[in-house]
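Colleague: need a structure here:
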Amino acid sequence: MQTSKNNPTDHPNLLPLTSIHPAEFMCLLAVFDPLCQDYFRHHDLQGKLRRIPKFEEDARCSLPGSAQKLLFVLGYLKENPRQHYHGQLFGMQQPRVSKWIKLLLPLLEKALLSLSAVPQRFGDALYAFLKTFTHYVLLMDATERCIPRSVCYERQKHEYSGKKKTHTLKNNLVVDQQSQILFLSSSYPGSVHDKTLADEAGHYYPDDTVLVEDLGYQGYEPGNISVLRPHKKPRNKELTEQQKQDNTDISRIRVPVEHVMAGVKRLNIVKEKIRLRTEGVRDQVMLIACGLHNFRTALRST
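Modeller: Alright, predicted model coming up:
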């Protein structure tokens, strides 16, 4: 990759390569850098604890400086390349690429958490967060992303999505009208229904909340809130003109959640088939993608 090792923001294609502008890259780097330095002061590339803290980076390091490390991991998430190809851009072999990814993904997640960009993962935490506001109009939707077919018959059967006609992972999202992701559920196999995702999340909402859903959540109606959902077309019948108008109005209200899905999937690693197989890494990648979306949205609205 033809870029300055001292200042990756000089690269003319930083936005299409990483999904963030140079100013956003520097803002994220300001938090990522101390986390990175602290980690490598006490650990080596293998993740082993050093007997003596190291305060200077090895001159032979394949990714010198925190800026190069951040560029490396953001570029990997954005383009979802094969690791041997990504390694060629940074002058390293595939096994070393794999080691760097395993080390840098948790550090990027911590940086986004420090910036308050990571969505809530538990229903009670979402409730406590919402209590800090005075008015709540929330949008709920589910998103699916492709994964390779498992060699285990029972597992691949559980991961097969009849809707997408392929093997997927599914997450439930709760979004506000400013396109901020407030909640991200755990990752579920593609065969799990949208309503089941919402039920198992254990959501609690403040009174007077208005929750806008799609038809996939038919039957999900928490008692203390108002639910806005499109009318379902009756079998062998047609919707009335008023019902059609209601559905059009609800679709307009739901526009922000569709924009959020597009924003999250600016990272090809959650848009295309993911090849990472380490336990928990697929859920971690989705969390980082949502955190980066919130980070970009918050900075660009100020």
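
Colleague: from here on, just use CA atoms for contacts and neighbour counts.
Modeller: Fine.

Colleague: can you give me the helices for the stretch 151-300 of the chain?
Modeller: Secondary structure of the stretch 151-300 of the chain by DSSP state H, counting those that start in this stretch: the helices cover 153-159, 194-201, 241-253, 255-264, 281-300.

Colleague: out of these, which gets nearest to residue 175?
Modeller: Nearest to residue 175, of all the helices of the stretch 151-300 of the chain, is helix 255-264, at 6.3 Å by Cα to Cα.

Colleague: now do the closest one: which elements does it pack against?
Modeller: strand 137-146, strand 166-175, helix 281-300 (3 or more Cα pairs under 8 Å, 6 or more residues apart in numbering; DSSP states H and E).

Colleague: so what touches the second one?
Modeller: Put plainly, it is strand 166-175. Strand 166-175 is touched from outside by 138-149, 156, 159-161, 181-190, 192, 194, 197-198, 256-257, 260, with contacts defined as Cα atoms under 8 Å, 6 or more residues apart in numbering.

Colleague: again, 7 Å this time
Modeller: 138-149, 159-161, 181-190, 197-198, 257 (Cα atoms under 7 Å, 6 or more residues apart in numbering).

Colleague: can you check the first one too?
Modeller: Residues outside strand 137-146 that contact it (Cα under 7 Å, 6+ apart) are 167-177, 194, 209-213, 254, 257, 270-274.

Colleague: do stretch 13-21 as well
Modeller: 22, 74-75, 78, 266.

Colleague: same deal with stretch 291-302?
Modeller: So stretch 291-302 is contacted by 112, 117-119, 180-181, 263-264 (Cα under 7 Å, 6+ apart).

Colleague: buried ones in stretch 282-294?
Modeller: Neighbour counts over stretch 282-294 (16 or more other Cα atoms under 10 Å) mark 282-294 as buried.

Colleague: same question for stretch 90-108.
Modeller: 92, 94, 96-97, 100-105, 107-108.

Colleague: ok, and what's touching that stretch?
Modeller: 1, 32, 35-36, 73, 83-84, 87.

Colleague: off-centre distance for that stretch?
Modeller: With Cα atoms, centre = their mean, to the nearest Å as the basis, stretch 90-108 stands 19 Å off its chain's centre.

Colleague: ok, now stretch 242-250?
Modeller: The answer for stretch 242-250 is 31 Å, by Cα atoms, centre = their mean.

Colleague: ok, and what's touching that stretch?
Modeller: So stretch 242-250 is contacted by 230-231 (Cα under 7 Å, 6+ apart).

Colleague: again, only using 6 Å
Modeller: In this structure, residues lying in contact with stretch 242-250 by Cα atoms under 6 Å, 6 or more residues apart in numbering are residue 230.

Colleague: residue 65: neighbour count?
Modeller: Residue 65 is flanked by 16 other residues according to other Cα atoms under 10 Å.

Colleague: got the phi/psi numbers for it?
Modeller: Dihedral pair for residue 65: phi 90, psi 150, per degrees, to the nearest 10.

Colleague: per-domain residue ranges of the chain.
Modeller: Per the record, the chain has its domains at 8-114, 123-300, by automatic domain parsing.

Colleague: could you dump these to JSON lines with mean pLDDT?
Modeller: Below are those laid out as JSON lines (pLDDT from 0 to 100):
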{"stretch": "domain 8-114", "mean pLDDT": "91"}
{"stretch": "domain 123-300", "mean pLDDT": "91"}
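
Colleague: which non-adjacent residue is nearest residue 185?
Modeller: Nearest residue to residue 185, sequence neighbours excluded (Cα to Cα, 6 or more residues apart in numbering): residue 172, at 5.1 Å.

Colleague: the one you found and residue 252: what is the separation?
Modeller: For residue 172, the distance to residue 252 (Cα to Cα, to the nearest Å) stands at 20 Å.

Colleague: what does residue 63 give?
Modeller: Remark: distance between residue 63 and residue 252 (Cα to Cα) = 46 Å.

Colleague: just residue 223 next, same as before
Modeller: Counting by Cα to Cα, the gap from residue 223 to residue 252 is 25 Å.

Colleague: kindly report the same for residue 115.
Modeller: Distance, residue 115 to residue 252, by Cα to Cα: 31 Å.

Colleague: these two: who's more crowded?
Modeller: Using other Cα under 10 Å as the criterion, residue 115 and residue 252 rank with residue 115 on top: 15 against 10.

Colleague: in JSON lines: the buried residues of stretch 90-108, plus distance to residue 58 and secondary structure.
Modeller: Formatted as JSON lines, the buried residues of stretch 90-108 follow (distance: Cα to Cα, whole Å; DSSP: H, G, I helix; E, B strand; the rest coil):
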{"residue": "92", "distance to residue 58": "16", "secondary structure": "coil"}
{"residue": "94", "distance to residue 58": "20", "secondary structure": "helix"}
{"residue": "96", "distance to residue 58": "16", "secondary structure": "helix"}
{"residue": "97", "distance to residue 58": "17", "secondary structure": "helix"}
{"residue": "100", "distance to residue 58": "15", "secondary structure": "helix"}
{"residue": "101", "distance to residue 58": "19", "secondary structure": "helix"}
{"residue": "102", "distance to residue 58": "20", "secondary structure": "helix"}
{"residue": "103", "distance to residue 58": "17", "secondary structure": "helix"}
{"residue": "104", "distance to residue 58": "17", "secondary structure": "helix"}
{"residue": "105", "distance to residue 58": "21", "secondary structure": "helix"}
{"residue": "107", "distance to residue 58": "19", "secondary structure": "helix"}
{"residue": "108", "distance to residue 58": "21", "secondary structure": "helix"}
